[in-house]
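J.: here's my sequence, what's the structure:
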Amino acid sequence: MRFSWRGLKTGNHTFLTFFCAGLIAGILVIQMGKSILLGDGGMFDESTLYHLKYMTVDSNALFFYVFRKRLFRLLGLAVLSTTYLGLIACMGAAFWYGLSAGAFLAALTIRYGIKGILLALISMFPQYLVYVPVLLALLIWCEELFRGIYVRGEYSAADRGFVLKKAGRLLVLIAVLIVGCMMEAYMNPYLLMGFLKIF
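T.: Okay, the predicted model is just below:
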């Protein structure tokens with residue numbers, strides 16, 4: 001029996017719901033496992049922060065590492081959106097990013113309190129001002145591509161204009177992603193190290 005995707009409605013609210021569910025799950029995972037995850041030598045212990053404080057950064061190498069990692073994820077989700085499980089992949093990605101964010105914030109908050117929240121914000125600034133809109137735009141792009149392929153009547157994947165438009169928007173997303181990677185490699189490490197010296 002073939003499942004019909006026609007009646008399944010998604011969009012910004014659905015992706016936000018999965019992100020929030022992941023966020024709560026991440027917080028709960030850290031809360032339940034804090035004795036193991038946040039014990040001596042656990043996540044974000046003082047020794048790790050000490051090494052971060054005095055690290056030397058090769059920004060060029062960091063940029064290429066971060067760019068490869070981010071681009072691989074972007075293209076991986078784009079490719080998955082062309083499969084029959086494309087929408088599930090998008091919802092899973094939204095949940096995973098929420099889970100990661102929840103665990104990250106909870107771990108730093110439980111370990112360091114208010115200072116931990118500030119550390120989390122600094123470690124995400126300024127690149128996440130770019131990454132969050134890119135992720136949301138990518139999820140919407142993937143949903144539209146999926147519906148163009150599998151849900152007749154909403155979009156036409158056979159239409160050349162549709163394909164060119166989708167390719168153009170993907171290139172724009174990649175270009176904006178590069179800006180975020182540059183921020184992460186050339187700006188964030190120095191902001192983070194500067195903050196850790198007064199942490």
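J.: any regions of the chain where pLDDT drops low?
T.: For the chain, applying pLDDT under 70 flags the ranges 1-12, 40-42, 152-158.
J.: which parts of it are helices?
T.: For the chain, the helices defined by DSSP state H cover 12-32, 34-37, 46-53, 59-80, 86-112, 114-124, 128-150, 160-186, 188-196.
J.: next, format these as CSV and append mean neighbour count.
T.: All C-beta spots, glycine's among them, are computed from the backbone N, C-alpha and C. Converted to CSV, these look like this (neighbours: other C-beta atoms under 10 Å):
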stretch, mean neighbour count
helix 12-32, 17
helix 34-37, 13
helix 46-53, 13
helix 59-80, 15
helix 86-112, 20
helix 114-124, 16
helix 128-150, 19
helix 160-186, 15
helix 188-196, 17
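J.: residue 49 versus residue 38, what's the distance?
T.: 13 Å (C-beta to C-beta, to the nearest Å).
J.: and what of residue 114?
T.: 16 Å.
J.: same deal with residue 118?
T.: Using C-beta to C-beta, residue 118 is found at 13 Å from residue 49.
J.: likewise for residue 69?
T.: Plainly put, residue 69 is 22 Å away from residue 49 if you go by C-beta to C-beta.
J.: and residue 89, by the same measure?
T.: Taking C-beta to C-beta, one finds residue 89 at 35 Å from residue 49.
J.: need the contact list for residue 107.
T.: 30, 37, 38, 43, 44, 116 (C-beta atoms under 8 Å, 6 or more residues apart in numbering).
J.: repeat the analysis, applying 6 Å as the threshold.
T.: By C-beta atoms under 6 Å, 6 or more residues apart in numbering, the contact set of residue 107 is 30, 43, 44.
J.: excluding residues flanking it in the chain, which one is nearest it?
T.: Sequence neighbours aside, residue 43 is the residue nearest to residue 107 in space, at 4.7 Å (criterion: C-beta to C-beta, 6 or more residues apart in numbering).
J.: and the one you found, how far from residue 110?
T.: For residue 43 relative to residue 110 (C-beta to C-beta), the value is 10 Å.
J.: then residue 150?
T.: Distance of residue 150 to residue 110, computed by C-beta to C-beta: 43 Å.
J.: cool, residue 166 as well?
T.: 42 Å.
J.: got it, and residue 179?
T.: Residue 179 is 33 Å from residue 110, where distance means C-beta to C-beta.
J.: show me the contacts for the residue lying closest to residue 53 once chain neighbours are set aside.
T.: With C-beta to C-beta, 6+ apart as the criterion, residue 53 has its nearest non-adjacent residue at 4.2 Å, and that residue is residue 196. Residue 196 is in contact with 49, 52, 53, counting by C-beta under 6 Å, 6+ apart.
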